[in-house]
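Peer 1: Have a look at this prediction, sequence included:
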Amino acid sequence: MQVNIRKNRKCAFCKYWYDPDNSAIKPKYPNMGIWEFEYEEKRKCLKTNRDKYAYSFCSKYEGKIE
């Protein structure tokens, strides 16, 4: 799935979503903020201590990509 990370706050792009090697995301058009992510990936959120899907979102979001 492709998203604009400047407008969408998906867990896959949050610094608290545990994916240290960023294997679930990859740039598509990074200069425009368009990235791809693996929709069904599931990882632990380090802030809430719960497993969350890459497409999820929450109020504790902090982007890991500038």
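Peer 2: Good, I have the coordinates.
Peer 1: who's sitting farthest from the centroid in this structure?
Peer 2: If you look at how far each residue of the chain sits from its centre, by C-alpha atoms, centre = their mean, the farthest one is N31, at 17.2 Å.
Peer 1: So the residue nearest to the spatial centre of the chain, which state does it fall into?
Peer 2: Closest to where the C-alpha atoms of the chain average out (C-alpha atoms, centre = their mean) is A12, at 1.7 Å. Assigned with DSSP: H, G, I helix; E, B strand; the rest coil, A12 falls in the helix class.
Peer 1: wait, it sits on K26?
Peer 2: No - A12 is beyond contact range of K26, at 10.4 Å (criterion: C-beta atoms under 8 Å). No exception for glycine: its C-beta is placed from N, CA and C like everyone else's.
Peer 1: Give me the common contacts of the two.
Peer 2: Among the neighbours of A12, those also in contact with K26 (C-beta atoms under 8 Å, 6 or more residues apart in numbering) are F37.
Peer 1: show me the contacts for N22.
Peer 2: N22 neighbours (C-beta under 8 Å, 6+ apart): K64.
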